[in-house]
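Chemist: Structure for this input, please:
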Amino acid sequence: MNRFKRAPAMLAGASLLCLLVGLLYLALQIRTIFSDQLKQEYAALVLEAAERADSARAIVGVWQQRSADNPTQSQGYRRARIELADRLNALAALVNASPSEAPRVPASALTPDASLAGTDALLATIPPYWRAQRDADGADVRLRIGHVANVLIALAALLFCMLLTALGMYAKRNRQLMGESHEFEHAALHDPMTGLPNRRKLFATLDETAASLQAGSTARKFAVLYVDLDGFKQVNDTLGHRVGDEFLIAVSRSFRESVRKVDVVARIGGDEFAVLVREYSTPDELAEIAQRLIACVVETDAEMGIGVVRASIGIASYPDLVSDYQRLVAAADDAMYRVKRGGKNGYAFAAQVD
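Modeler: Here you go, the predicted model:
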């Protein structure tokens with residue numbers, strides 16, 4: 001009986017091992033494919049350089065057929081030889097820097113006075129070699145792509161089997177965990193250190209606010225203020241992460257107390273915050289909120305005796321500045337970076353975004 005109970009776990013373990021091996025094989029194959037593609041591109045560059053050198057050699061041949069007694073003809077021929085030498089030097093730079101083994105271009109062939117017969121021999125040997133390399137790499141890429149496709153099909157089938165096994169193994173456990181779903185949901189939507197809503201919760205609230213507006217709510221405009229703490233990295237570097245965490249907790253509490261209960265203060269990540277103002281009348285109201293947030297940072301900094309932390313804030317509002325509410329956070333972020341570039345410790349409104 002115990003043997004049958006262990007069978008699903010053993011099957012899952014074996015399937016997981018096969019999956020890991022398959023993924024490792026895929027990673028190696030994909031890496032090789034990219035490497036071969038780079039080699040193909042490199043070969044194409046060499047062939048292009050060889051074609052330009054060959055064109056320069058043809059021009060030298062044209063000047064060579066003309067009379068050398070004429071000074072103009074002599075100067076033209078000399079310029080053509082110099083151009084040919086430049087093209088050959090560019091070709092040699094590519095060939096001699098090749099990451100793979102390849103016939104090198106001798107330095108004696110790169111001067112304007114080099115033998116044209118040697119140049120012709122060089123230009124006759126380089127393109128066939130690099131075409132062969134390009135074709136071989138292309139064939140290898142196609143072969144490996146076929147292998148990758150086959151492995152992906154096998155892994156997809158394996159994953160399907162693993163999914164069925166996992167559903168059978170954890171169905172009972174999942175039923176037990178349903179009673180804890182509220183706690184898990186709260187943890188998924190809030191920052192564990194400050195207790196503020198996280199990015200996911202912020203965007204969900206944005207959707208709710210927009211839906212309320214479209215449903216005919218009295219609210220007609222809402223906005224996002226994107227806050228970045230200037231100088232916070234210095235706190236972590238000089239005073240330690242414990243002090244940095246204490247500062248974030250304190251300033252988060254201060255942010256929350258400085259806005260209305262209906263508004264949402266979220267920690268986006270690190271030292272970045274966002275405030276969703278769910279209803280406002282004039283831009284002056286948003287500017288006043290931004291000033292209060294900046295004051296929160298200054299006061300918290302002073303209370304903790306740090307003296308280096310300030311705030312840069314970008315403001316984006318819907319629908320007067322940003323016509324798509326889903327772009328509010330990005331627009332506010334852009335405005336915040338304008339503040340940073342302009343000297344930090346201030347606020348700015350987003351540019352008009354259609």
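Chemist: other SSEs contacting the biggest helix by length in the chain?
Modeler: In terms of residue count, the longest helix belonging to the chain (DSSP state H) is helix 2-65. Of the remaining helices and strands, those touching helix 2-65 by 3 or more C-beta pairs under 8 Å, 6 or more residues apart in numbering; DSSP states H and E are helix 71-96, helix 116-177. Bear in mind the C-beta positions are built from the backbone N, C-alpha and C, glycine included.
Chemist: For residue 268, pull up the helix or strand it's in.
Modeler: strand 264-269 (DSSP states H and E).
Chemist: what helices or strands is that strand leaning on?
Modeler: Checked by 3+ C-beta pairs under 8 Å, 6+ apart, strand 264-269 has helix 199-214, helix 241-258, strand 272-277 packed alongside it.
Chemist: for the longest helix of the chain, what is the average pLDDT?
Modeler: The predicted model gives helix 2-65 an average pLDDT of 78.
Chemist: Direction-wise, compare that helix with helix 116-177 and give the angle.
Modeler: Counting by axes from the mean of the first three to the mean of the last three C-alpha atoms, to 10 degrees, helix 2-65 points 160 degrees away from the direction of helix 116-177.
Chemist: quick one: helix 2-65 to chain centroid distance?
Modeler: Its chain's average C-alpha position is 21 Å from that of helix 2-65, according to C-alpha atoms, centre = their mean, to the nearest Å.
Chemist: circling back to that earlier point, so which of the helices and strands packed on strand 264-269 is the most surrounded?
Modeler: Compared across the helices and strands packed on strand 264-269, strand 272-277 shows the largest average neighbour count, a mean of 23 (mean count of other C-beta atoms under 10 Å).
Chemist: Which residues does that strand contact?
Modeler: 196, 199, 202, 205-206, 209, 222-229, 252, 255, 259, 263-268, 285-286, 289, 293, 329, 332 (C-beta atoms under 8 Å, 6 or more residues apart in numbering).
Chemist: Put the buried members of those into a PyMOL selection.
Modeler: PyMOL command restricting the contacts of strand 272-277 to the buried ones, with burial defined by 16 or more other C-beta atoms under 10 Å:
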select buried, resi 196+199+202+205+206+209+222+223+224+225+226+227+228+229+252+255+259+263+264+265+266+267+268+286+289+293+329+332
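Chemist: can you list the domain ranges for this protein.
Modeler: According to automatic domain parsing, the chain comprises the domains 2-151, 190-349.
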